[in-house]
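Asks: can't give you the sequence, but here's the structure:
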């Protein structure tokens, strides 16, 4: 059974460019989470969806960040325009129905470098 | 009040020794405390978790000890192995926070052969 799939695995871009990160959750999972990991701030929840609906976006740092989940098998996290301080590893995670906080499965992450 | 404080930041243990990582929290509404293990280049993976109605949970070489009155919990790795070398995160959540997990800062564990 495939785990959470993220693409790209690495992204290098210049300041001011638009960046789109993609995630495919585990089949059958109905909750999807976007996290950001940095040395300074650790692992932070940016936003999570339940049944494709955004439930908690309080961790989204600013309006430059947006996330969508058009269907149960795909989500995107977009940064526009990107800044050097956005450099981090971005993880997508998913969980099964009624498992929410009890069992989150993380993808391999996307390492973003903004120069 | 939503923070979870984790220590130490890094830990070096000899093979066969006991690794101990500690976490403390303030929010008394937290009712679920998982530990995640992360290897380099990988995403975190759920290792073991505990609810506050028990003081200890053991799974193989991994044990969580929970002290509700002190608002502290810890991960003990018995007979530590080089393959246990990873970053460990404690986390906490409450029913009122939905599916949100609040993570500790992480502990980088190195087990020397």
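Replies: That came through fine. Bear in mind the structure is a predicted one, so any value in this text is a computation, not a measurement.

Asks: For residue A:112, which residues are in contact?
Replies: By C-beta atoms under 8 Å, 6 or more residues apart in numbering or on different chains, residue A:112 lies in contact with A:11, A:13, A:19, A:21, A:79, A:82, A:86-90. Bear in mind the C-beta positions are built from the backbone N, C-alpha and C, glycine included.

Asks: Check which helix or strand it maps to.
Replies: Following DSSP states H and E, one finds residue A:112 within strand A:110-114.

Asks: who does that strand pair up with?
Replies: strand A:10-13 (parallel), strand A:88-95 (antiparallel) (DSSP bridges).

Asks: Provide a list of residues in contact with residue 80.
Replies: Here I'm looking at chain A. Contacts of residue A:80 (C-beta under 8 Å, 6+ apart): A:18-19, A:64, A:66.

Asks: That was the other one, I meant chain B.
Replies: So residue B:80 contacts B:13-19, B:61, B:109, B:111 (C-beta under 8 Å, 6+ apart).

Asks: do the same with residue B:84
Replies: B:19, B:77, B:109, B:111.

Asks: Could you rerun that using 10 Å?
Replies: By C-beta atoms under 10 Å, 6 or more residues apart in numbering or on different chains, the contact list for residue B:84 reads B:13, B:15, B:19, B:37, B:61-62, B:77, B:109-111.

Asks: Closest one to residue B:91 out of those, please.
Replies: residue B:37 (11.7 Å; C-beta to C-beta).

Asks: chain center to whichever strand or helix holds that closest one: distance?
Replies: With secondary structure defined by DSSP H and E, residue B:37 is part of strand B:33-38. Chain-centre distance of strand B:33-38: 5 Å, with C-alpha atoms, centre = their mean, to the nearest Å.

Asks: From the contact counts, what lies against it?
Replies: strand B:19-25, strand B:45-50, strand B:62-67, strand B:72-77, strand B:86-92 (3 or more C-beta pairs under 10 Å, 6 or more residues apart in numbering or on different chains; DSSP states H and E).
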